[in-house]
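> let's see this in three dimensions:
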Amino acid sequence: MRVVCAWCGDVMSDGTGPVSHGICPGCSMRVERAFYRSLLKKRRPRAPRGLQQHRVPTLPLPGFFTHGTA
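Prediction:
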């Protein structure tokens with residue numbers, strides 16, 4: 001079975017037959033960093049109820065795009 005990184009397309013293990021997808025170590029580190037950064041942003045202290053601001057959406061993970069971006 002051939003294993004390909006779903007984010008960058010690198011071949012992680014060569015073989016014959018069907019193709020499976022995984023995540024390579026480099027992409028894994030980028031995804032984990034983005035995840036932990038988004039957690040830190042969410043931990044900010046909240047404003048009192050009447051003074052709450054609109055939440056800013058976090059950036060999409062590498063390889064995933066929101067509607068209207070490419």
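> need the residues that contact the least confident helix or strand in the chain by mean pLDDT.
Counting by mean pLDDT, DSSP states H and E, the chain has its least confident helix or strand at helix 25-42, which shows a mean of 89. Here helix 25-42 makes contact (C-beta atoms under 8 Å, 6 or more residues apart in numbering) with Cys5, Trp7, Cys8, Ile23, Thr58, Leu59, Leu61, Pro62, Gly63. The way it works is simple: take the backbone N, C-alpha and C, and place the C-beta from them, glycine included.
> ramachandran angles for the fourth one?
For Ile23, the backbone dihedrals are phi -140, psi 130 (criterion: degrees, to the nearest 10).
> and the gap between it and Lys42?
23 Å (C-beta to C-beta, to the nearest Å).
> those two: which has the busier surroundings?
Ile23 (17 against 9; other C-beta atoms under 10 Å).
> the more buried one contacts Gly9, doesn't it?
No: counting by C-beta atoms under 8 Å, Gly9 is not a contact partner of Ile23; they are 11.5 Å apart.
> kindly indicate whether Glu20 is helix, strand or coil.
Small correction: residue 20 is Ser, not Glu. strand (DSSP: H, G, I helix; E, B strand; the rest coil).
> how about it: what's its closest non-neighbour residue?
Val3 (5.1 Å; C-beta to C-beta, 6 or more residues apart in numbering).
> that neighbour: what's it in contact with?
Val3 touches Val11, Met12, Ser13, Gly15, Val19, Ser20, His21, Gly22, counting by C-beta under 8 Å, 6+ apart.
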